[in-house]
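**Q** Sequence first, then the predicted structure:
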Amino acid sequence: MDPEIGRTAVGMGGVMFVVLPLLFVGIIALGIYFAVKAFKEAKRRKAAIASVVAQYGLGYLPEDRERTRYFTSTPFGIGDNRRARDVVWGEFDGRAFETFAYSYETETTDSDGNTTTTTHRFQVTWVPLPARLPTLRLTADNKLKRLGKKLGARDLDTESHEFNQRWKVWYQDERVAHAMLTPRMIERFLAPDTAGRGYVFEGNALFTYKQGVSDLADIREVVSRLHDTVDLVPKFLFEDPVPGSSTASV
Amino acid sequence: MEFFLIGIGVVILVVVLWAIGAYNGLVRLRNLVQEAWHQIDTELQRRHDLIPNLVETVKGYAAHERATFEAVTQARAAASNPGMSPAEQARTENVLTQALGRLFAVAEQYPDLMASQNFMQLQNELTNTEDRVAAGRRFYNANVRELNTRVETFPISIIANMFGFTRAEYFETEDPSARQAPTVQF
């Protein structure tokens, strides 16, 4: 054996003897750090929610599985182990709303057969509509969706190029979709405060969702925005359906 | 040689299938445009039917505003003429909208009229109908836009020219919902 190679192997062994345990301890410490951080954040969030509930005299439920079946549009109806936690409901300025932290899990398996479970979390807030409407979903547009549009995916083009660029619109009934997207509604959705969220008219509700869970610090603004949007829907759509349109069957 | 002939046959088959698809797509769009236009026509008729009642109601309070009533009646008669193209219809509807604007300006000078149940109901019905027309217009124009794009886009334009598909006219009227001032709360 070449003595030079022998010395290098011993050296490498020594380094590994020191580095590996250090790495192991480091990973454990990092895991504990993140776990403590998550625990503290969850505790802080719970306290913030309790404060909002007490401040406005709202209703609260720690968890209700029934809420996971309220809607069928994205992000609902996908994944496993769906949960609706921290359900808060009540009224602001005499108008009803409800909000909850919604989550579901998906599993992915890599080429080695290792399965990874990912939890997807959203804060969902909804307000009731005066009557049922066919589903209309507005989600932020992106390059992938724009490619889908070019390949013929179902999307609605309005008279506003800016709106078409910013939002992808999925509709159940094209006539109703055009009726709902009035110039003022389009203007509303071009306002900066609507960014980063999805908006869905489904059945007799309008809901909005955002990735991650909220401590409800902005709940009044979110609810007010939803009610403003409902007010912009032409009244005739609630009184009787658009002639020639299909009936909402959500 | 055999492979070459099969290849030619496959290419011809693909082209024929594409042409059938393109033709059917154009027919579907043209029918959709026509159907959307009929829908607007129905809503416009509903709008025109409301106007005589509205004029009579305002007359009950402001009989001396004859010029305004005549302008509305004439504009309504012009807009009710059948068989106009979408562009012509839009022009007459805009004249009627302006005449109605003057009628409402007159009505605002009479608080009793503004408070009358009958007037309020007619005003609501008119707003509702104008919203319906605006909704129909957006649907119609969206389909016209799609039809016109297809008619002018290569290679579908070849099929369109071959079978006489032409551009459709837009229906451009003032959107009443765009005119409304937003409510501001402090």
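**A** Structure received.

**Q** Could you identify the helix or strand that succeeds the helix or strand where residue A:169 lies?
**A** According to DSSP states H and E, residue A:169 maps onto strand A:167-171. Remark: after strand A:167-171, the chain's next helix or strand is helix A:174-180, criterion DSSP H and E.

**Q** In CSV, list the C-alpha atoms belonging to that next one.
**A** This file holds the C-alpha atoms of helix A:174-180, laid out as CSV (Å, rounded to 0.1, in the frame of the first residue of the first chain):
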residue,chain,number,x,y,z
GLU,A,174,-70.2,32.3,-20.5
ARG,A,175,-73.2,34.6,-20.7
VAL,A,176,-73.3,35.0,-16.9
ALA,A,177,-69.6,35.5,-16.8
HIS,A,178,-69.8,38.4,-19.3
ALA,A,179,-72.7,39.8,-17.3
MET,A,180,-70.8,39.7,-14.1
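
**Q** need the contact list for residue B:71.
**A** Applying Cβ atoms under 8 Å, 6 or more residues apart in numbering or on different chains to residue B:71 gives the contacts B:99, B:102. Backbone N, C-alpha and C define where each C-beta goes, glycine included.

**Q** Would you agree it falls within a helix?
**A** Yes - according to DSSP: H, G, I helix; E, B strand; the rest coil, residue B:71 belongs to a helix.

**Q** What separation do you get for it and chain A?
**A** According to Cβ to the nearest Cβ, to the nearest Å, residue B:71 and chain A sit 27 Å apart.

**Q** On the pLDDT front, check that residue for me.
**A** At residue B:71, the model reports a pLDDT of 90.

**Q** what about the strand holding residue A:169, average pLDDT?
**A** The model assigns strand A:167-171 a mean pLDDT of 92.

**Q** just checking, what packs against that strand?
**A** Counting contacts by 3 or more Cβ pairs under 8 Å, 6 or more residues apart in numbering or on different chains; DSSP states H and E, strand A:167-171 is packed against strand A:115-140.

**Q** What about residue B:114, how many residues nearby?
**A** 14 (other Cβ atoms under 10 Å in any protein chain shown).

**Q** Touching, it and residue B:105? I think so.
**A** No - counting by Cβ atoms under 8 Å, residue B:114 does not reach residue B:105; the two are 11.7 Å apart.

**Q** quick one, phi/psi of residue B:163?
**A** Torsion angles at residue B:163 (phi, psi; degrees, to the nearest 10) stand at phi -110, psi 20.

**Q** The residue lying closest to it once chain neighbours are set aside and chain A, how far apart?
**A** Take residue B:163 and drop its neighbours on the chain: the residue closest to it by Cβ to Cβ, 6 or more residues apart in numbering or on different chains is residue B:23, 6.3 Å away. Counting by Cβ to the nearest Cβ, the gap from residue B:23 to chain A is 17 Å.

**Q** Residue B:23 is in what secondary structure piece?
**A** Applying DSSP H and E as the criterion places residue B:23 in helix B:2-59.

**Q** so how far is residue B:102 from the residue in chain B that chain A sits nearest to?
**A** For chain B, the residue positioned closest to chain A under Cβ to the nearest Cβ is residue B:135, at a distance of 3.4 Å. From residue B:135 across to residue B:102, the span is 25 Å (Cβ to Cβ, to the nearest Å).

**Q** Look at these two and report which has more neighbours.
**A** It is residue B:135, of residue B:135 and residue B:102, that has more neighbours when counted by other Cβ under 10 Å, with 27 against 16.

**Q** Could you find the closest non-adjacent residue to the more buried one?
**A** The shortest distance from residue B:135 to any non-neighbouring residue, by Cβ to Cβ, 6+ apart, is to residue A:179 (3.4 Å).

**Q** before we move on, what about residue B:48?
**A** In space, residue B:48 is closest to residue B:80, 5.0 Å off (Cβ to Cβ, 6+ apart).

**Q** I'd like to know how far that neighbour sits from residue B:73.
**A** According to Cβ to Cβ, residue B:80 stands 11 Å off from residue B:73.

**Q** returning to that earlier point: tally of neighbours for the residue nearest to residue B:135?
**A** Look at residue A:179: counted by other Cβ under 10 Å, it has 26 neighbours.

**Q** which parts of chain A sit against chain B?
**A** A:156-159, A:174-175, A:178-179, A:181-184, A:231, A:234-236, A:239, A:242-244 (Cβ under 8 Å from any Cβ of the partner chain).
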